[in-house]
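>>> When you get a sec, could you give me coordinates for this:
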Amino acid sequence: MRGNQYLEDINVLLDGPDTAREGLYVAALTRCFKCFGKNESRRAYQLDASVILANEPNGMTVYEELRLERNKHVVHDENSALQAYVGAVLNDGTHPYKVEKVLALAVGVELLQPRSWQNLKHLVLSTLTFVDKEIDRLCHEITADLEAESYATLMARAPMRLKPALTADAGRRRDQSGLPPVSRTHRMT
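The predicted structure is shown next:
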């Protein structure tokens, strides 16, 4: 998960510009929650935060706070975390005009706080641990299924085909881009 590397890179840039560090935090937040998305391409393997965080005190509360930060502030800008104010500066009344200047001010919360970094890092690591265990479990299941087949049947299977994603695939769902479909036989728990 790249999100973990983005969070680590924030620590490398402690003396770097705040915008670069915040950009890495936003990238980590966005990447992390992409894994929990309920979209067509993830139909077979949708991560469930309530399963991953079942043994974490306040895990779902922190998950929900981060999810809302991502959905309602970072990605869709639906809350008051970023606001614009416009005001007029009036003169002292000794001039023929009344307004000296109209000013605009943007005010926003600072996303990258030690608590937010720690919470996201914990969520990312918990998710990675869960996914690693699931991958191992699924690989064992697939191995058992393959071992049940004859050697001749295994050799007759089509070879694994890797096809890198192309820029042209950006508007296509995974199953429409020519990539092999995800097996529906083995599911994450």
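>>> Just say helix, strand or coil for residue 118.
With DSSP: H, G, I helix; E, B strand; the rest coil as the basis, residue 118 sits in helix.
>>> count of neighbours near it?
Using other C-beta atoms under 10 Å, residue 118 has 12 other residues around it. For every residue, glycine as well, the C-beta is placed using N, CA and C.
>>> all strands of this structure, in order?
82-90, 99-108 (DSSP state E).
>>> Would you format those strands as TSV with mean neighbour count included?
Converted to TSV, the strands of the chain look like this (neighbours: other C-beta atoms under 10 Å):
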stretch	mean neighbour count
strand 82-90	10
strand 99-108	10
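>>> Helices of the chain, start to end?
Remark: helices assigned in the chain by DSSP state H are 2-12, 18-34, 49-52, 59-68, 114-147, 151-156.
>>> and the first one, C-alpha only, in PDB?
Provided in PDB are the C-alpha atoms of helix 2-12 (Å, rounded to 0.1, in the frame of the first residue of the first chain):
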ATOM      1  CA  ARG A   2       1.600   3.300  -1.100                       C
ATOM      2  CA  GLY A   3      -0.200   5.100   1.600                       C
ATOM      3  CA  ASN A   4       2.200   3.700   4.100                       C
ATOM      4  CA  GLN A   5       5.200   4.900   2.100                       C
ATOM      5  CA  TYR A   6       3.600   8.400   1.800                       C
ATOM      6  CA  LEU A   7       3.300   8.600   5.600                       C
ATOM      7  CA  GLU A   8       6.900   7.500   6.000                       C
ATOM      8  CA  ASP A   9       8.000  10.100   3.500                       C
ATOM      9  CA  ILE A  10       6.400  12.800   5.700                       C
ATOM     10  CA  ASN A  11       8.900  12.000   8.400                       C
ATOM     11  CA  VAL A  12      11.800  12.400   5.900                       C
END
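>>> So which bits of it are buried?
Neighbour-count burial for helix 2-12 flags 3, 4, 6, 7, 9, 10 (criterion: 16 or more other C-beta atoms under 10 Å).
>>> ok, back up a step: could the helices of the chain be laid out in CSV, adding mean pLDDT and distance to residue 87?
As requested, the helices of the chain are exported to CSV (pLDDT from 0 to 100; distance: least, C-beta to C-beta, whole Å):
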stretch, mean pLDDT, distance to residue 87
helix 2-12, 91, 35
helix 18-34, 92, 26
helix 49-52, 94, 42
helix 59-68, 94, 30
helix 114-147, 93, 30
helix 151-156, 92, 73
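>>> Good, we can wrap up now.
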